[in-house]
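Undergrad: Next input, structure requested:
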Amino acid sequence: MSRLKREMRIYQGIVDSVKEGNEVETEQLCSLLGINEKTLFTYLESAAAAIDVGMVKHNGQALNIEAIKEYNRKNKMSVSKVMNKSTRLAKLINVLNQRTPFGGATLGELAEKLDVTERTVYRDLCDLEQELNIRIVRPDRNMGEKGRYKLDNTYLPAISPEKAMFIYLSLLQQKETALTLGTQEIKEALIGTLTRNRYSLQAIALKELESRVYIVDEALIDTERVSKTFLEILHALNQSYVIYIEYFLSYNQEISKRLVEPYGLVCKHHNWYLIGKCLEKNDLRTFRIDQIEYISPRQHQKFLYPADFQLGEYVKDRWGVFEEKEATHIKVQFAPSVAYRVKKIKYHPSQMIEEEREDGSIVVSFKIKGIIEFISWLLQWKTGAKLLEPPALQEKMRKIASQIEAMYADNSVL
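TA: Numbering: from 1, shown residues only. Here you go, the predicted model:
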């Protein structure tokens, strides 16, 4: 790695660590960046114009530019020309990062941002290309002063190593789900983008992190087929055309053939569902993505998305995905052994703690549609949850409990 590139990575590491809004000790920065304390202070002096050095603490005391310069004078340390150049180039990359999605920036705008001449900016753009292999899209010469410069293809994300880890973990969660297709490619692109000009692999340690994280969740058996189905639905949603699907109906174990106008996608409990208008039934229906056995686009058959349809409003009261005309008000008492967990997780937008009892139990209310799905969820708590209201649902729970008891009392096959 060239000295210039190394200097830029160190500078960028300092900027990213401080801009998160958290105070950081000089000892932490030295460890993160792999440099000694004296070297760090020279970088801090160079970066002082771009960061709040008061967020950096040395021996428990917040730094300021005077203290940094005094430290460097005492230790006979100075900011090198390469360091000044690396700081300026890193700033230039950051400005181009920000402006590329909006068409780029003119030489004048870049010069103003960096507080240098346009000629210096032009030389720096050449250095980005020649020394760092960063491809710049240059404006047509006929554009003159209005011509805009931007980064080629994709622009670098302005994210810290910590945020990169969160993104990476979210990608790991998609393994063996409907979003599996292309996940590995996206992961590799993320690493490549982050390490191209900002960080070393040692700084972000994504590969090591993956080996120390194991995600336990339900997994699709045929991930490739479901992912392709999901992608076809996304295209149809985006371009508003009808899709033909062959859908497995669980209640009668049959395949149903439908023409559907796709209105939206909903993810509930890690499962994806398509909300759309079934042309045969002339009504809205919900289809679980992994139960779509076959899909075929009807790109010639366009439809108008209804202006009065709001996906969020359509599904907001549902416990899962099943629709009911009226929402039901429910109260549940949770035992002390599970009350802490219930207080920490919002299982439904309507969830409210109505009462905290002296024995440590809590009473929680819900207003939901989809009683069948709610009952399945409630049964998972076993004796840790007791339905209090409404009485009709209490009776339903008693009946289910009796049926389960009778099933296990009888040794006959299901």
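
Undergrad: Show the contacting residues for residue 262.
TA: 233, 236, 237, 243, 274, 275, 276 (CB atoms under 8 Å, 6 or more residues apart in numbering). Quick note: C-beta positions are derived from backbone N, CA and C, even for glycine.

Undergrad: Look up how far residue 235 lies from it.
TA: Per CB to CB, to the nearest Å, residue 262 is found 10 Å from residue 235.

Undergrad: The stretch 151-300 of the chain: helices as residue ranges?
TA: 161-172, 183-197, 201-204, 206-211, 223-239 (DSSP state H, counting those that start in this stretch).

Undergrad: Sketch out the low-pLDDT regions of this protein for me.
TA: Within the chain, the ranges that satisfy pLDDT under 70 run 1, 19-21, 80-83, 141-145, 153-164, 182, 184-185, 187-209, 412-414.

Undergrad: can you pull the buried residues of stretch 166-182?
TA: Residues of stretch 166-182 classed as buried by neighbour count (16 or more other CB atoms under 10 Å): 168, 171, 174, 176, 177, 178, 179, 180, 181.

Undergrad: ah, wrong one, I meant stretch 255-262
TA: 256, 258, 259, 260, 261, 262.

Undergrad: Strands - which of these land there?
TA: 256, 258, 259, 260, 261, 262 (DSSP state E).

Undergrad: Looking at those residues, spot the one nearest residue 357.
TA: When those are ranked by distance to residue 357 (CB to CB), residue 262 comes first, at 46.7 Å.

Undergrad: Quick check: bridge partners of the closest residue to the closest one other than its chain neighbours?
TA: Leaving aside its sequence neighbours, residue 262 sits nearest to residue 276 (CB to CB, 6 or more residues apart in numbering; 4.4 Å). Counting by DSSP bridges, residue 276 forms beta bridges with residue 262, residue 285.

Undergrad: thought residue 390 was touching residue 329?
TA: Yes - contact status for residue 390 versus residue 329: in contact at 6.9 Å, counting by CB atoms under 8 Å.

Undergrad: So for stretch 319-327, first residue to last residue, what's the gap.
TA: Distance between the two ends of stretch 319-327: 10 Å, counting by CA to CA, to the nearest Å.

Undergrad: what's next to that stretch, contact-wise?
TA: Contacts of stretch 319-327 (CB under 8 Å, 6+ apart): 266, 268-269, 273, 284, 286, 288, 315, 317, 348, 366-374, 377.

Undergrad: at 7 Å what do you get?
TA: Residues from elsewhere that reach stretch 319-327 (CB atoms under 7 Å, 6 or more residues apart in numbering): 266, 268, 273, 286, 317, 348, 367-370, 372-374.

Undergrad: can you check stretch 86-104 too?
TA: Contacts for stretch 86-104 (CB under 7 Å, 6+ apart): 4, 7-8, 11-12, 46-47, 50, 105, 110, 113-114, 116, 124, 127-128, 148-151, 155-156, 158, 197.
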